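[1] can't give you the sequence, but here's the structure:
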């Protein structure tokens, strides 16, 4: 496709930058002897997941079972669902998927383990378990002091095998106190390696110690004893990673949302054809220390307000956008942005072609 054939709003990905991001992170993981298991919730695309796998990723991380199924149906055979599976219907679903792929799921309760064990026995399958540790985010996971007890109860449950331990805390949890993501990643890795050694000292085999978001994964990979990192946003980058986490540079941001100016309410404002159904609204820009919901790439303009189908840009004094003009914007959180769209357009600078690919796992919430 040619650029003028793409209707706006449209999510356009520079495939050269995308592949550079994938290769750079894979090379870093390889250099430290750590497996890279990317979180596909960022792109939800089979084509991009194949790029990651072909570059060296050991498998994928998914957020929900229905998301994982899209990739298992497409032939991905090593999947970690980093979410606690607890209800009978979802445990039965996990057991079915485990018949078709090596499936590992998160657990942080004896209740969930018993449900998974029962489902696995009923299906005649084997489900891998990663025990989640709460290292500060206070979202999911057992406190470190309770990990040994849960691990001891997990070992030996029929239909399950203990794959290892994992955590997710990111860089903006309550106890981060403004410290640099690199420092937090080192701390995250060391906490988890120490816990794994405690379990091993009690006779429990812990094959995998999995850590690391995009902000913390780069440094966590350097901690001896960490076996795996699970970044997701690194493939695209966004304003949060650029301005808050400092995990990428402007030239490493691969995705932009292209919109068309449809109105000029006054000299300081421009309205575009992408609103809250195009851009994410899950991050409060003011609290995150950002100027708005998205930043224009080629001029000083910021998306400061949204309705469902309207996005209002605040323009600098020297910016004069014309009605009908297209403008490229970098979102503040790319993961939820992608989930709002059916299609990504991969731009190849060598051919000047824009290839549409499906966001195959969009909307998979179960």
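    Thanks, I have it. As the structure is a prediction and not an experimental result, all values here were calculated from the model. Numbers count the residues shown, from 1 in each chain.

[2] Tell me where this protein has helices.
    Per DSSP state H, the chain carries helices over the ranges 15-31, 46-55, 65-73, 88-97, 110-123, 147-154, 181-201, 214-220, 239, 285-288, 334-338.

[3] can you tell me which of those helices the model trusts least?
    If you rank the helices of the chain by mean pLDDT, helix 285-288 sits at the bottom with a mean of 87.

[4] List the contacts of that one.
    Here helix 285-288 makes contact (CB atoms under 8 Å, 6 or more residues apart in numbering) with 240, 244, 291-293, 332. (Glycine included, C-beta is placed from N, CA and C.)

[5] what residues are up against the residue lying closest to residue 98 once chain neighbours are set aside?
    Excluding its sequence neighbours, the residue lying closest to residue 98 (CB to CB, 6 or more residues apart in numbering) is residue 125, at 4.2 Å. The contact partners of residue 125, by CB under 8 Å, 6+ apart, come to 95-96, 98-99, 159.

[6] and if we set it to 10 Å?
    Contacts for residue 125 (CB atoms under 10 Å, 6 or more residues apart in numbering) come out as 94-100, 103, 119, 159.

[7] ok so, going back, turn the helices of the chain into JSON lines, columns for mean neighbour count and distance to residue 7.
    JSON lines is the format used below for the helices of the chain (neighbours: other CB atoms under 10 Å; distance: least, CB to CB, whole Å):
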{"stretch": "helix 15-31", "mean neighbour count": "18", "distance to residue 7": "20"}
{"stretch": "helix 46-55", "mean neighbour count": "19", "distance to residue 7": "21"}
{"stretch": "helix 65-73", "mean neighbour count": "21", "distance to residue 7": "25"}
{"stretch": "helix 88-97", "mean neighbour count": "20", "distance to residue 7": "36"}
{"stretch": "helix 110-123", "mean neighbour count": "19", "distance to residue 7": "44"}
{"stretch": "helix 147-154", "mean neighbour count": "17", "distance to residue 7": "50"}
{"stretch": "helix 181-201", "mean neighbour count": "19", "distance to residue 7": "37"}
{"stretch": "helix 214-220", "mean neighbour count": "27", "distance to residue 7": "30"}
{"stretch": "helix 239", "mean neighbour count": "24", "distance to residue 7": "24"}
{"stretch": "helix 285-288", "mean neighbour count": "12", "distance to residue 7": "27"}
{"stretch": "helix 334-338", "mean neighbour count": "22", "distance to residue 7": "17"}
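
[8] Of these, which is nearest residue 207?
    Minimum separation from residue 207 across the helices of the chain (CB to CB) falls at helix 181-201, 9.5 Å.

[9] So which elements touch the closest one?
    Helices and strands touching helix 181-201, by 3 or more CB pairs under 10 Å, 6 or more residues apart in numbering; DSSP states H and E, are helix 147-154, strand 160-166, strand 208-211, helix 214-220.

[10] rerun at 6 Å
    Counting contacts by 3 or more CB pairs under 6 Å, 6 or more residues apart in numbering; DSSP states H and E, helix 181-201 packs against strand 208-211, helix 214-220.

[11] and residue 230, which of those is closest to it?
    strand 208-211 (6.1 Å).

[12] if we look at that closest one, which residues are touching it?
    For strand 208-211, the surrounding residues in contact (CB atoms under 6 Å, 6 or more residues apart in numbering) are 163-164, 166-167, 188-189, 192-193, 196, 220, 226-228.

[13] And for stretch 102-118?
    Residues outside stretch 102-118 that contact it (CB under 6 Å, 6+ apart): 78-86, 91, 94, 97, 127-132, 140-142, 153-154, 157-160, 163.

[14] Which of those fall in strands?
    Using DSSP state E, the members of these that fall in strands are 78-84, 127-132, 160, 163.

[15] now, which of the residues you listed sits nearest residue 252?
    residue 82 (24.3 Å).

[16] Quick check, that closest one in contact with residue 61.
    Yes. With contact defined as CB atoms under 6 Å, residue 82 counts as touching residue 61 (5.3 Å).

[17] Between those two, tell me which one has more neighbours.
    Remark: of residue 82 and residue 61, residue 61 carries more neighbours, 26 against 23, as counted by other CB atoms under 10 Å.

[18] Spatially nearest residue to that one (excluding sequence neighbours)?
    residue 39 (4.2 Å).

[19] Please apply the same query to residue 62.
    Nearest residue to residue 62, sequence neighbours excluded (CB to CB, 6+ apart): residue 68, at 4.0 Å.

[20] wait, doesn't the one you found sit right on residue 59?
    No. Look at residue 68 against residue 59 with CB under 6 Å: they stay out of range, at 10.6 Å.

[21] Show me the protein divided up by domain.
    Per automatic domain parsing, the domain ranges recorded for the chain read 3-9+249-358, 16-234.

[22] May I see those domains organised as TSV, with distance to residue 366 added?
    Converted to TSV, the domains of the chain look like this (distance: least, CB to CB, whole Å):
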stretch	distance to residue 366
domain 3-9+249-358	14
domain 16-234	4
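
[23] Go through these and name the closest to residue 364.
    domain 16-234 (4.0 Å).

[24] Kindly check the end-to-end length of that closest one for me.
    In domain 16-234, first residue to last residue: 14 Å (CA to CA, to the nearest Å).

[25] Roughly how far does residue 109 sit from residue 221?
    29 Å (CB to CB, to the nearest Å).
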